[in-house]
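Q: Predicted model, plus sequence, below.
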Amino acid sequence: MPLLIQNGEIITADSRTRADILVEGETISRIGTKLEAPPGTEVIDAAGKYVFPGFIDPHVHIYLPFMATYAKDTQETASIAALVGGTTTWIEMCCPSRVDDALESYRLWKSKAEGNGACDYSFHMSVTKFDDQTEGQLREIVADGIGSFKIFLAYKNFFGVDDGEMYRTLTLARKLGVIVTAHCENAELVARLQQELIAQGKTGPEWHEPSRPESVEAEGTHRFSTFLAATGAAGYVVHLSCEPALRTATRAKESGTKLWVESVIPHFMLDKSYAERPGVEGMKHVMSPPLRDKRNHKILWDALAAGLIDTVGTDHCPFDTSQKLLGRDTFTQIPNGIPGVEERVNLLYTYGVSRGGLDIHRFVDAASTKPAKLFGLFPRKGTIAVGSDADLVVYDPAYRGVISARAQHVNNDYNGFEGMEIDGRPSVVTVRGKVQVRDGKFVGDRRHGQFLKREPNHFQ
Ligand SMILES: [Zn+2]
């Protein structure tokens, strides 16, 4: 059924217009004033509301065997949560461990997603070792439509690559025009600090942050940037959390290194005092890089406003209370992750645009347009234009609510942002022309999500 979205204020990364949008099939067919509705059109009145391009989360974990367990979401639960929160596309991390075969793992991750979710999706392919088979396998994966890799400098012996493997990955990525995303923490220092703290009997979740201090992240960011400069590859730091790492990344950008920066919503909203709460309450707030000293909040918000932080993702990765308790004896055994796929857009809008003075176009850019451009989805995704996919978020800035686990769609028994107020929420969300959400409720097709083939787009 065609859709006509009338009287909304259309906000993209670089424009603001009051106009109607006509959707026919899966794409936007016309944008203009006083558009006529063809017979059989559903008309959506967006008066008093914004119309944003569908938001893109560039960093989620859905299927994830990790730390002796599995992340809790299915494609279905996470995609419904994403859509209710205004996210219409995500890029999931395909994360084999070092002992797994890359190609088999890629096929496994893809099979978990295919036909099982409600929003559109792609993958970043993690390179967790680099041996003689790796280049051929990665070429095959890129040819299948994957334009980005992921490497971990952290998680020694599980996901982590050494410097030689990083070099080989970046060299290949440069040849293929692929962008490499990286988790930047020094694995050796983390392992040593963990051992020292545990030997001193410091085993609670409050010791997670001291085991991965800001300097360890700054070192990883610096090393990654140095390798990017040396190889000429394009890179993207995931979940940058603190000032020293930001300073390092900014210096690299300024010197011409092809480097982009993502921060994730927990690092804007939460600080290390959450992980210092007693018992399981602290464990719920363990992720890596860890929640930091509160002084970093203003630094991250300012850097986002200035465009030094390019994108905002989530690192969505739910583990429930019983899983978090796997770490009751030692913080190193707490499954890492704070889910946020449902809350990212509303929190960024509320504490950025509504209460923090963040420019509304920068908000759209960071949460939709820039991820689309960096990862080869633009202009199919990430904007509102004739010919683009009709992924639209009619957003109600008059809505007032409070985040609560009781109302969430994510498959988890707590919410890391419990009790936070929100000033707005999506009132209608469409994916390729199909209405998937109305007023906080999923009303659409649970199997509507499509795999998005992406071409590498970072050639010299
Ligand atoms: Zn992650």
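A: Now that the structure is in, tell me what you want to look at.

Q: need the contact list for K453.
A: S122, D144, G145 (C-beta atoms under 8 Å, 6 or more residues apart in numbering). All C-beta atoms are positioned from the backbone trio N, CA, C, and that covers glycine.

Q: now with 7 Å?
A: G145 (C-beta atoms under 7 Å, 6 or more residues apart in numbering).

Q: From Y63, how far off is it?
A: 20 Å (C-beta to C-beta, to the nearest Å).

Q: Please identify the buried residues of stretch 344-360?
A: Neighbour-count burial for stretch 344-360 flags 344-354, 356, 358, 360 (criterion: 16 or more other C-beta atoms under 10 Å).

Q: Start from the N-terminal end of the stretch 301-450 of the chain and give the helices.
A: Counting by DSSP state H, counting those that start in this stretch, one finds helices in the stretch 301-450 of the chain at the ranges 321-324, 344-347, 355-356, 360-364, 370-374.

Q: Next up, the contacts around the residue nearest to G416 when sequence neighbours are not counted.
A: Nearest non-adjacent residue to G416, counting by C-beta to C-beta, 6 or more residues apart in numbering: I338, 4.3 Å away. I338 is in contact with P266, H285, M287, G416, counting by C-beta under 7 Å, 6+ apart.

Q: I'd like the buried residues of stretch 344-360 as CSV, with distance to P58 and pLDDT appended.
A: Converted to CSV, the buried residues of stretch 344-360 look like this (distance: C-beta to C-beta, whole Å; pLDDT from 0 to 100):
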residue, distance to P58, pLDDT
R344, 11, 98
V345, 13, 98
N346, 18, 98
L347, 16, 98
L348, 13, 98
Y349, 17, 98
T350, 21, 98
Y351, 20, 98
G352, 17, 98
V353, 19, 98
S354, 23, 98
G356, 21, 97
L358, 18, 98
I360, 20, 98
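
Q: And these, which is closest to N7?
A: I360 (18.1 Å; C-beta to C-beta).

Q: show me where the stretch 1-150 of the chain has helices.
A: According to DSSP H, counting those that start in this stretch, the helices that the stretch 1-150 of the chain contains are 75-84, 102-113, 134-143.

Q: contact partners of the first one?
A: The one in question is helix 75-84. 57, 62, 90, 112-113, 116-119, 316, 341-342, 408-411, 429, 436-437, 440, 442, 446, 449.

Q: Just these: which are in strands?
A: D57, W90, V429, Q436, V437, F442 (DSSP state E).

Q: Which one (most neighbours) among these?
A: D57 (32 neighbours; other C-beta atoms under 10 Å).

Q: That one is in contact with V341, isn't it?
A: Yes: because the distance of 5.9 Å satisfies C-beta atoms under 7 Å, D57 is recorded as touching V341.

Q: Quickly list what's touching both of the two.
A: A82, T87, T314, H316.

Q: ok so, going back, closest to Y395 out of the helices of the stretch 1-150 of the chain?
A: Nearest of those (C-beta to C-beta): helix 75-84, 12.6 Å.

Q: Count the neighbours of Q450 for me.
A: Count around Q450 with other C-beta under 10 Å applied: 19.

Q: same deal with I44?
A: Neighbours around I44, by other C-beta under 10 Å: 23.

Q: check contacts around it.
A: L3, I5, Q6, V394, V428.

Q: Quick one: mean pLDDT for the longest helix belonging to the chain?
A: The single longest helix within the chain, with elements called by DSSP state H, is helix 214-231. For helix 214-231, the mean per-residue pLDDT is 98.

Q: just the CA coordinates of the helix or strand that comes right after it, formatted as CSV?
A: Downstream of helix 214-231, the first helix or strand assigned by DSSP states H and E is strand 234-237. Once non-C-alpha atoms are left out, strand 234-237 reads as follows in CSV (Å, rounded to 0.1, in the frame of the first residue of the first chain):
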residue,chain,number,x,y,z
ALA,A,234,40.9,3.4,6.4
GLY,A,235,39.9,2.8,10.0
TYR,A,236,37.2,3.3,12.5
VAL,A,237,37.6,3.2,16.3
